[in-house]
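Colleague: with the input below, show me the fold.
(one chain, ligands or ions: 2)
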Amino acid sequence: MNPVTVNVSLAGQRGYPVQIGPGLLGELGGFVAGLGSVSRAAVISDSTVAELYGAAAVESLRSAGLAADLLAFPAGEANKTLARFAGLFDGLFALDPAVDRSSVIVALGGGVAGDMAGFVAATALRGLRWVQAPTTVLADVDASVGGKTAVDHPAGKNLVGAFHQPRGVLIDTETLRSLPPRQVRNGLAECVKHAVIRDAELLDWLKRFAAPLAQTPHAPQMTELLARNVAIKAAVVESDERESGVRQHLNFGHTIGHAIEAAAGYDQLLHGEAVSLGMVAAMHLAAGRGLIGSEDLRRVERLLSGLDLPVRRAGLDFDALWRIMLHDKKNRAGRVRMVLPVRLGAVEVFDDATRGELAAAVSRLAGERSDTDPDA
Ligand SMILES: NC(=O)c1ccc[n+]([C@@H]2O[C@H](COP(=O)([O-])OP(=O)(O)OC[C@H]3O[C@@H](n4cnc5c(N)ncnc54)[C@H](O)[C@@H]3O)[C@@H](O)[C@H]2O)c1
Ligand SMILES: [Zn+2]
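Modeller: Numbers count the residues shown, from 1 in each chain. Ligands and ions are numbered 1, 2, ... in the order given. From the prediction side, this is the model:
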C-alpha cells in the first residue's frame, strides 16, 4: 500500500509533510538525507521503543550514508523531566562525529519521546532540524501536528518547552503492531474528539471501523483514520498556529478531562481515558444548555463505550476538580472556559460555565450509563 501524505501548511516555509503508511521506518534515512546538507542524525527514543525499533531507524539512516546513533531515556511520563532532558545532552554532545548545526534529530516513539526529542531539537545549538517518527496512535493523530515540544515540571505538565516545527513526520503503521490495545484506544479518544469538533461523518466511520482497529491497529484502515485525523488537526493548527482562537477547539473534553486526570494521579487514567470522561461531561453540559440533543450525547457515549473507553466514573470529588479547573489562568471570576458542541461536528468556545453547571455535568458521570438505559 502506498503511503498517504497530509501536508501541514504553515507560513514562512515552516510547513511539512506527514506521511502515513506501512513500512515507512525503512524510508527514514532517505527522507532525512533528502532534507539536504545533513551528515549526522541522532535518534532519541524511550527505552521501550528503542528496544523495538531503534535498530531499524539507525540502520535506515546509516544506509542513506548518514552518521547515526540512538539515545534512549527510560520510558514513561514520569521521565519527561528536566533532569532526563539534560541527560540527553550529555549523550548528544559525546557523539562522534560530533553534532553540529547541520545535524538532524529524529524523535522515535510516543508523545513523551516526541516532546523530549523535539525540545532537544528546539534548544541544542540554538535549534536543529528534526523529524518525527511517532509510534503511538496518540502521537500519530495529535503530537505529530503543531510543533509543540515540552517537558514537565513538578509544578505541572508541559510547563517548560518551545514551539519548534519538525521538517517532516513519518508514521509507520507497522509499528502499531506492538502497541498495547489500551494505548491504541487512548489515541482513538482523540479521534472521537476530532470527529465531534469538526467531522460528524467521521463518527459514523469510527462506529463501523474503530473497535476492530483496537485489536489490529496495523490494518490498512488505520492509514485512512490517521490521515483523516492528521488533516483535521492540521486544518485547525494552520488557521491558528499560536493558539489564540480556534485552536482552543482542540481542548474539547480537556477542561474536565484534565482535572479528572490530575485529581486521579497521572498513573491511574491514561490521558485519552480522562478525555473520554471529559467529553461526556462537556456534552451533558451542552445538552443542559440546549445546544445539542440527548440523542447526540448518547451517540458519542455509545461510540466511546464501544471502544472500551470510560464514560462513567464513580467517586469523583467535584470540589477537587473545581479547584483544578479554577486554577487555569483562562478562567475568570468563578466561570470556566469550555469548548462545547453546538451540533455534532461543530463546537464553540464559551467563557461562562458556572460551578453549578459543571457540578451537574460531573455528577452525570457517576450515574447509570444512558447507552444501556432501556428508556434511552
Ligand atoms: N506535543 C504535542 O502536541 C502533544 C500532543 C499530545 C500529547 N503530547 C504528549 O504526549 C505524551 C503522551 O503520549 P503517548 O500517549 O504516546 O505516551 P508515551 O510516549 O508514554 O507512550 C505510551 C507507552 O507506549 C509505549 N510505546 C510507544 N510506542 C510503542 C509501540 N509502537 N509499541 C509498543 N509500545 C510502545 C511507550 O514506551 C510508553 O510506555 C504526553 O506527555 C503528552 O503531554 C504532546
Ligand atoms: Zn488530548
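
Colleague: which ones are touching the residue in the stretch 201-350 of the chain positioned nearest to ligand 1?
Modeller: In the stretch 201-350 of the chain, the residue that lies nearest ligand 1 is residue 271 (6.0 Å; CB to the nearest ligand atom). (C-beta placed from N, C-alpha, C; glycine too.) Residue 271 is in contact with 138, 186, 189, 257, 261, counting by CB atoms under 8 Å, 6 or more residues apart in numbering.

Colleague: make a markdown table out of these and add secondary structure.
Modeller: Formatted as a markdown table, the contacts of residue 271 follow (DSSP: H, G, I helix; E, B strand; the rest coil):
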| residue | secondary structure |
| --- | --- |
| 138 | helix |
| 186 | helix |
| 189 | helix |
| 257 | helix |
| 261 | helix |
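
Colleague: in the stretch 201-350 of the chain, where is pLDDT below threshold?
Modeller: Residues of the stretch 201-350 of the chain meeting the criterion pLDDT under 70: 241-244, 329.

Colleague: strands of that one, residue ranges please.
Modeller: Counting by DSSP state E, counting those that start in this stretch, the stretch 201-350 of the chain has strands at residues 336-343, 346-353.

Colleague: just those: most buried one?
Modeller: Of those, the one with the most neighbours on average (mean count of other CB atoms under 10 Å) is strand 336-343, at a mean of 20.

Colleague: sorry, back to before: from the contacts of residue 271, list the ones also adjacent to ligand 1.
Modeller: 138, 186 (CB under 6 Å from any ligand atom).

Colleague: alpha carbons of stretch 29-49, in PDB - could you do that?
Modeller: Output of stretch 29-49 as PDB, limited to C-alpha atoms (Å, rounded to 0.1, in the frame of the first residue of the first chain):
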ATOM      1  CA  GLY A  29      17.100   7.600   6.100                       C
ATOM      2  CA  GLY A  30      16.200   8.600   2.600                       C
ATOM      3  CA  PHE A  31      13.800  11.300   4.000                       C
ATOM      4  CA  VAL A  32      16.400  12.800   6.400                       C
ATOM      5  CA  ALA A  33      19.100  12.700   3.800                       C
ATOM      6  CA  GLY A  34      16.700  14.400   1.400                       C
ATOM      7  CA  LEU A  35      16.400  17.400   3.700                       C
ATOM      8  CA  GLY A  36      19.900  18.400   2.300                       C
ATOM      9  CA  SER A  37      23.200  19.200   3.900                       C
ATOM     10  CA  VAL A  38      22.900  16.500   6.500                       C
ATOM     11  CA  SER A  39      25.800  14.300   7.600                       C
ATOM     12  CA  ARG A  40      24.700  13.200  11.100                       C
ATOM     13  CA  ALA A  41      21.400  12.300  12.700                       C
ATOM     14  CA  ALA A  42      20.700  11.400  16.300                       C
ATOM     15  CA  VAL A  43      17.600   9.300  17.100                       C
ATOM     16  CA  ILE A  44      16.000  10.000  20.500                       C
ATOM     17  CA  SER A  45      13.600   7.400  21.900                       C
ATOM     18  CA  ASP A  46      12.300   5.900  25.100                       C
ATOM     19  CA  SER A  47      13.700   2.600  26.400                       C
ATOM     20  CA  THR A  48      10.700   0.500  25.200                       C
ATOM     21  CA  VAL A  49      10.600   1.900  21.700                       C
END
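
Colleague: buried ones in that stretch?
Modeller: Applying a neighbour-count criterion of 16 or more other CB atoms under 10 Å, one finds 29, 31-33, 38, 40-49 buried in stretch 29-49.

Colleague: please apply the same query to stretch 103-118.
Modeller: Using 16+ other CB under 10 Å as the test for burial, stretch 103-118 gives 103-118.

Colleague: again, but for stretch 5-17
Modeller: 6, 8, 10, 16, 17.

Colleague: okay, and which of these map to strands?
Modeller: 6, 8, 16, 17 (DSSP state E).

Colleague: now, which of the buried residues of stretch 29-49 sits nearest ligand 1?
Modeller: residue 48 (3.3 Å).

Colleague: now the closest one: how far from residue 63?
Modeller: 24 Å (CB to CB, to the nearest Å).
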